[in-house]
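In: I'd like to go over a predicted model; first the sequence, then the structure.
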Amino acid sequence: MNTNFTITNKARGKIPRVFFGKIKDAVLGKDYELSLVFIGGATSKKLNNTYRGKNKPTNILSFPLDKKSGEIFITPKVAEKEAKDFGRKFSNFIAFLFIHGLVHLKGHGHGDTMEMLEIKLRKQFGI
């Protein structure tokens, strides 16, 4: 059991089965402490408004706490709708978002470098 990684489901409904721990370790390393929380739309909207000034729920938010720890919040209801828009299965899109959040925690901002790393990781994990 990896004590440096926790998953909490505060959203209604089931979480898709994804190899979250293996993906997290590949991107951030085994020593990185990560909390992954699945949240509902109201919580997502509140966090997104507080930290990004956007008054709507979002699919994912990632927060580095320090160089060796962080948090990721995923909103399944938003992700489920977006998965259909992108022609992806729900579990695949959750994994896609998770990788995106991990790469942000690694210190990358949106751009070519981030996208290339995400493509490499998606290929590595069949996402």
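Out: Okay, I see it.

In: centroid-nearest residue for the protein?
Out: F98 (2.9 Å; Cα atoms, centre = their mean).

In: which helix or strand contains it?
Out: Counting by DSSP states H and E, the element that carries F98 is helix 90-105.

In: with just CA atoms, put the next helix or strand after that helix into PDB.
Out: Remark: after helix 90-105, the chain's next helix or strand is helix 112-125, criterion DSSP H and E. Provided in PDB are the C-alpha atoms of helix 112-125 (Å, rounded to 0.1, in the frame of the first residue of the first chain):
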ATOM      1  CA  ASP A 112       4.200  22.500 -26.200                       C
ATOM      2  CA  THR A 113       6.500  20.900 -23.500                       C
ATOM      3  CA  MET A 114       3.500  20.000 -21.400                       C
ATOM      4  CA  GLU A 115       1.600  18.600 -24.300                       C
ATOM      5  CA  MET A 116       4.500  16.400 -25.500                       C
ATOM      6  CA  LEU A 117       5.000  15.000 -21.900                       C
ATOM      7  CA  GLU A 118       1.300  14.300 -21.700                       C
ATOM      8  CA  ILE A 119       1.300  12.500 -25.100                       C
ATOM      9  CA  LYS A 120       4.300  10.400 -23.900                       C
ATOM     10  CA  LEU A 121       2.500   9.400 -20.700                       C
ATOM     11  CA  ARG A 122      -0.800   8.700 -22.400                       C
ATOM     12  CA  LYS A 123       1.000   6.300 -24.700                       C
ATOM     13  CA  GLN A 124       2.900   4.700 -21.800                       C
ATOM     14  CA  PHE A 125      -0.400   3.900 -20.000                       C
END
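
In: touching helix 112-125 from outside, list them.
Out: 19, 22-23, 26-27, 95-96, 99-100, 102-104, 106, 108, 127 (Cβ atoms under 8 Å, 6 or more residues apart in numbering). Backbone N, C-alpha and C define where each C-beta goes, glycine included.

In: now swap in stretch 15-23 and tell me
Out: 2, 5, 7, 9, 36, 38, 76, 90-91, 94-95, 98-99, 102, 121, 125.

In: of those residues, the lowest pLDDT goes to which?
Out: Least confident of the contacts of stretch 15-23 in the model: N2, at 59.

In: OK, contacts around the residue nearest to the centre of the chain?
Out: F98 neighbours (Cβ under 8 Å, 6+ apart): 18, 20, 23, 36, 60, 72, 74.
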